[in-house]
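Chemist: here are the coordinates; sequence isn't available:
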């Protein structure tokens with residue numbers, strides 16, 4: 001019992017000095033951090049909001065502006081997490097020449113702007129940015145995104161497709177054609193098929209291959225089939241254009257011309273209109289006209305299982 005009392009007295013004796021020492025350490029760290037921040041030239045979020053009130057208010061409503069999340073810019077130096085120390089800018093009374101601007105009228109290179117965003121956004125869809133087509137063409141994150149506000153994805157436009165159409169005017173025109181994917185109707189959007197931040201597939205397709213992306217919606221074309229149509233199993237875009245076509249089912253050419261770009265004079269004449277039997281032997285090697293006129297009209301009238309067939313007699317992909 002006496003040993004316990006002695007131990008307790010010793011513990012109490014050391015408790016007060018230890019607490020005082022801990023408080024001194026914490027205060028020193030806090031003061032040191034404040035001094036370090038001042039030495040590094042940070043002006044503080046309040047100074048930024050003094051001139052940029054609207055931007056500051058919009059920023060506070062975004063994911064970036066949530067102070068409770070330690071991963072956000074707001075949990076660090078707020079505006080200066082991305083724009084860098086701004087004490088010089090504030091002391092100068094503002095001015096573009098003393099600000100580290102990430103959008104318009106910037107003196108920074110595309111690499112420097114993107115490196116700012118990539119300090120946090122290095123995983124997920126942004127993981128392959130450095131090898132992407134957009135990065136190779138010198139685009140910056142701020143060409144498409146506005147970190148101070150906007151919609152959920154911080155886009156500079158209200159709709160993703162409108163952001164893409166800033167550069168891809170040809171694709172916008174294709175979507176106005178008769179046969180098109182329902183992008184302009186709002187049923188799907190560009191990022192359903194593409195990852196603008198980079199992928200391992202061509203055209204920034206968000207899948208390992210073009211066909212894998214198509215099969216996400218068109219699963220009935222996946223197979224496996226007993227008899228495969230080689231172009232269909234190799235690349236859907238050999239016969240189809242994904243954005244819009246003047247021909248049905250997004251075909252790149254009208255049938256039977258599309259089929260005859262590969263199939264010529266096999267089993268029956270491949271020409272649209274062969275010669276009349278009366279004109280045979282006049283120096284033209286064109287096949288004579290068959291009695292079955294349907295052979296010259298549309299291949300798909302008979303060969304309608306064109307993506308593949310499991311029928312025992314399906315090597316010609318007939319119905």
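Modeler: That came through, no problem. These figures come from a predicted structure and were not determined experimentally. Residues are numbered from 1 along each chain as shown.
Chemist: Would you mark the buried spots in stretch 144-164?
Modeler: For stretch 144-164, burial by neighbour count (16 or more other Cβ atoms under 10 Å) applies to 144, 145, 146, 147, 148, 149, 154, 160, 161, 163, 164. No exception for glycine: its C-beta is placed from N, CA and C like everyone else's.
Chemist: Disregarding residues adjacent in the polypeptide, which is nearest to the third one?
Modeler: Here the nearest residue to residue 146 in space, its sequence neighbours aside, is residue 156; by Cβ to Cβ, 6 or more residues apart in numbering that works out to 5.1 Å.
Chemist: wait, the one you found sits on residue 147?
Modeler: No. With contact defined as Cβ atoms under 8 Å, residue 156 does not count as touching residue 147 (10.4 Å).
Chemist: got a list of what the residue nearest to residue 146 touches?
Modeler: 142, 143, 144, 145, 146, 150, 163 (Cβ atoms under 8 Å, 6 or more residues apart in numbering).
Chemist: if we go to 7 Å?
Modeler: Shown in contact with residue 156 (Cβ atoms under 7 Å, 6 or more residues apart in numbering): 144, 145, 146, 150, 163.
Chemist: ditto for residue 90
Modeler: Residue 90 neighbours (Cβ under 7 Å, 6+ apart): 43, 47.
Chemist: now the end-to-end length of stretch 138-149.
Modeler: Terminal residues of stretch 138-149 are spaced 24 Å apart (Cα to Cα, to the nearest Å).
Chemist: tell me which element the residue nearest to residue 116 when sequence neighbours are not counted falls in.
Modeler: In this structure, residue 116 finds its nearest non-sequential neighbour in residue 82, 5.5 Å apart by Cβ to Cβ, 6+ apart. Assignment of secondary structure by DSSP states H and E places residue 82 within helix 79-83.
Chemist: center of this structure, which residue is that?
Modeler: Nearest to the geometric centre of the chain sits residue 195, at 2.4 Å (Cα atoms, centre = their mean).
Chemist: Count the neighbours of the closest residue to residue 252 other than its chain neighbours for me.
Modeler: The shortest distance from residue 252 to any residue other than its chain neighbours is 5.1 Å, reached at residue 241 (Cβ to Cβ, 6+ apart). Number of residues near residue 241 (other Cβ atoms under 10 Å) recorded here: 19.
Chemist: Kindly report the same for residue 63.
Modeler: By other Cβ under 10 Å, neighbour count at residue 63 equals 13.
Chemist: nearest residue to it other than its sequence neighbours?
Modeler: residue 72 (6.7 Å).
Chemist: Could you do residue 154 as well?
Modeler: Closest to residue 154 by Cβ to Cβ, 6+ apart is residue 145, at 4.4 Å.
Chemist: Sketch out the low-pLDDT regions of the stretch 51-200 of the chain for me.
Modeler: Residues of the stretch 51-200 of the chain meeting the criterion pLDDT under 70: 150.
Chemist: quick one: the strands in it?
Modeler: Secondary structure of the stretch 51-200 of the chain, counting by DSSP state E, counting those that start in this stretch: strands at 179-180.
Chemist: which residues of it fall in helices?
Modeler: Secondary structure of the stretch 51-200 of the chain (DSSP state H, counting those that start in this stretch): helices at 53-60, 79-83, 87-91, 110-118, 133-136, 160-164, 169-174.
Chemist: To residue 316, which of the ones you listed lies closest?
Modeler: helix 169-174 (32.5 Å; Cβ to Cβ).
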